[in-house]
Every structure is written in C-alpha cells, then in structure tokens.
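> everything below, folded, please.
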Amino acid sequence: MSLGRRQAEQKSMWLIYDQLPQSQGHVFYERLQKLLRQKAFDAFLEKLCAPFYAEKLGRRSIPPGRYFRMLLIGYFEGIDSERGICWRCADSLSLREFLQLGPTESVPDHSSLSLLSH
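As a prediction, the model looks like this:
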C-alpha cells in the first residue's frame, strides 16, 4: 500500500455573508441591542441630536446611535482610546453586528470619534 496524498481542493473565491459560520458572539451585546431596539433608542437619539447636524452640508456623519454604541463598547471593555475602540469594533463580527454595520461597511475612523467627543 502506498502513502496517500491529500489533494488540494480549489475553494470558491466568493463567500455569501449569510452562509458564513457564526459563533454565539457576545450574549451581553445581543441582549443590549434587543433592549435598545425595543425602546427605539436610535430614533430617540436622532431626534435629540438633529439640531446639531447640518441638513445637506459636509460629509455624512456617524449616526448618533452608532457613536453611542461605540462609546458603550469602550466603557464595557475598558478601552480608553478612540483608536482602541475602533480597532476592537473592526476586529469583532459580533460587535460589528451590534453597531449595525453591514458586511461591506467600515467602522468609523478614530479621528471622527475624537472630533465628536471633544
């Protein structure tokens, strides 16, 4: 009997986001997300912050709900820098879901968070 060799199978180059295996993720953030959605927190924040945002001028801003969620992530995970918060959010699929980011959307840049917080 001869030694068997593994044949390298060429994999598909394209992945369907919905078919990617998903882990349990952060149960805490899933429950918090459910609570925020039940209370229509994003709509409340947008209404509250509307006077401070321009109607048409400038580039699109970070939605207030996403900004607040990123600050919560920094608080709960003990991250004290905007750059660290952005890195952590970009690195975790469950946190990206908590931030309501699609598969092709990027996490807001740390410089945008810095401008809003000061």
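
> in this structure, which spans are helices?
All helices of the chain, identified by DSSP state H, fall at 27-38, 41-49, 64-76, 82-91, 93-98, 110-117.

> which ones are touching residue 85?
The contact partners of residue 85, taken as Cβ atoms under 8 Å, 6 or more residues apart in numbering, are 70-71, 73-74, 79, 110, 113. Just so you know, the C-beta spots here come from the backbone N, C-alpha and C atoms, and that holds for glycine as well.

> which non-adjacent residue is nearest residue 114?
Leaving out its chain neighbours, the residue that sits closest to residue 114 by Cβ to Cβ, 6 or more residues apart in numbering is residue 82, at 5.0 Å.

> who wins on neighbours among the contacts of residue 85?
Using other Cβ atoms under 10 Å as the neighbour criterion, residue 70 leads these with 26 neighbours.

> quick check: which ranges of this structure have low pLDDT?
Regions of the chain meeting the criterion pLDDT under 70 cover residues 1-13, 15, 17-18, 20-24, 58-59, 115-118.

> tell me how far the closest residue to residue 84 other than its chain neighbours lies from residue 64.
Of all residues not flanking residue 84 in the chain, residue 74 sits nearest, at 7.3 Å (Cβ to Cβ, 6+ apart). Relative to residue 64, residue 74 is positioned 16 Å away (Cβ to Cβ, to the nearest Å).
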